[in-house]
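Visitor: generate a structure from the sequence data that follows.
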Amino acid sequence: MIRARGLVQTFRSRQGRTTSEVRAVDGVDLDVEDGEVVGFLGPNGAGKTTTLRILTTLLRPTAGTATVAGHDVATQAEQVRRSIGYVSQAGGAFSGARAGDEVVDHGMLYGLPRRVVEERGRALFSQLDLEGLWTRTPRTMSGGQKRRLDIVMGIVHEPRLVFLDEPTTGLDPQARANLWEHIRGLRDRRGATVLLTTHYLDEADALSDRIVIIDHGRVVASDTPAALKEQVAGDLVDLEVEDPAQRAEAAARLERLVAQAGAGAGAGPGATPGPSSSGGVVEQDGRHVRARVRRAGRAVPGLLRELDAAGVALASIEVVRPTLDDVFLALTGRSLRDTGGSSPDAAARGSTTSSTTSSTTSSSSTTPGSTTVPQPTPTPSAPTASTSTPTTGALR
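Guide: Purely as a prediction, here's the structure:
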């Protein structure tokens, strides 16, 4: 459905008398298969907005090629636009017009008869919980209702591919959860392919078949959410001992488990390495002993039996599954919401830059399963001590 090779987008930015070249997209390869829901993630300024604008024909790439729904974005822009639906973050409905009129006008721009558009629009209003709002104006709707109206406008012409740019930004948790169901329905009920950008990692995890992460204009990871998390060193096991004098014994037992399970890196801010010959696989901090253990759910019961036999009393134990936050921080070294000063990607939106015409680049491939994720240093909050019998914490 989407095939991009070596996409490059450069801009010239002028500050006073100084002109500099900004490379917002730096050799992106991207494949999206028919029927996939793909989450496209990156920090602010990473290049995802620029890439999205290229794929939706709003920008002509400086170099590289891309086809969307079988059409070239540079030479067949009209055919691309007829094949896609685009729901922008800002929304597309005029606040003073009636919602139904906006939907009908939007569909007729694609050459559809008014009768057909109105029939489809009313059916979509019913499917997306907008019944009774056909004659309402968007300015009188809630945030969730307006976002669902934007989606109706984006799919009323029945596109094969839908681009959703941060569709749940600004919505309350209930409205977000409701919209998630409708986004799933685009693929499950309508068979559409969806490319989704979002700043919410839990949203990407819940909705996406595959996740593509872009940073500094290059794709740095592409795989299923589960596979990306699996490449992080393992589940974080955090033991809190009752008696600080027993911390070393607990660390030795946990280190042995790490070696048996083939785990990766240690964890915890401000922690000191434990007695490990492998470079600090187990870390100690106060009464806490922490390490990452692969498939901890299977390994921890045996550890608890060993500790009990050795007379090591635990105040608490916590097992935390890796999250996309761990993956994202490991790959980019920053939070998804970091702005970090000047943003190359902002060149795609700003008015003080202009496109240049040449560049040579190496591609950044998004072949699923090809990414090796660096191991992060997790920052878990210390678990609350408990005087009850220690048990394994719920995997999260």
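Visitor: now do the contacts for Gly107.
Guide: Gly107 makes contact with 116-117, 120-121, 156-157, according to C-beta atoms under 8 Å, 6 or more residues apart in numbering. Yep, even glycine has a C-beta here, placed from its N, CA and C like the rest.
Visitor: tell me which of these is nearest to His182?
Guide: Val156 (14.1 Å; C-beta to C-beta).
Visitor: who's in contact with the closest one?
Guide: Contacts for Val156 (C-beta under 8 Å, 6+ apart) come out as 103, 106-107, 117, 120-121, 124.
Visitor: which of the contacts of Gly107 lies at the shortest distance from Gln284?
Guide: Set against Gln284, the nearest of those by C-beta to C-beta is Val156 (59.6 Å).
Visitor: and the gap between that closest one and Glu119?
Guide: 10 Å (C-beta to C-beta, to the nearest Å).
Visitor: returning to what we had before: save the contacts of Gly107 as TSV, and put in pLDDT and secondary structure too.
Guide: Below are those laid out as TSV (pLDDT from 0 to 100; DSSP: H, G, I helix; E, B strand; the rest coil):
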residue	pLDDT	secondary structure
Val116	96	helix
Val117	96	helix
Arg120	95	helix
Gly121	95	helix
Val156	93	coil
His157	93	coil
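Visitor: closest to Thr65 out of these?
Guide: Among the contacts of Gly107, and counting by C-beta to C-beta, the member closest to Thr65 is His157, at 25.8 Å.
Visitor: residues contacting the closest one?
Guide: 82, 85, 106-107, 110, 112.
Visitor: let's see that with 7 Å instead.
Guide: Taking C-beta atoms under 7 Å, 6 or more residues apart in numbering, we find His157 in contact with 107, 110, 112.
Visitor: residue boundaries of the strands in the stretch 151-300 of the chain?
Guide: 161-165, 193-197, 210-215, 218-223, 235-241, 272-273, 283-285, 288-293 (DSSP state E, counting those that start in this stretch).
Visitor: of all those, which one is nearest Phe328?
Guide: Among those, strand 210-215 comes nearest to Phe328, with 6.7 Å by C-beta to C-beta.
Visitor: can I get the CA coordinates of that closest one in PDB?
Guide: Taking C-alpha atoms only, strand 210-215 is exported to PDB below (Å, rounded to 0.1, in the frame of the first residue of the first chain):
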ATOM      1  CA  ARG A 210       3.600  -2.800  13.600                       C
ATOM      2  CA  ILE A 211       5.400   0.300  14.800                       C
ATOM      3  CA  VAL A 212       7.900   2.400  12.900                       C
ATOM      4  CA  ILE A 213      10.100   4.800  14.900                       C
ATOM      5  CA  ILE A 214      11.900   7.700  13.200                       C
ATOM      6  CA  ASP A 215      14.600   9.900  14.700                       C
END
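Visitor: no further questions, thank you.
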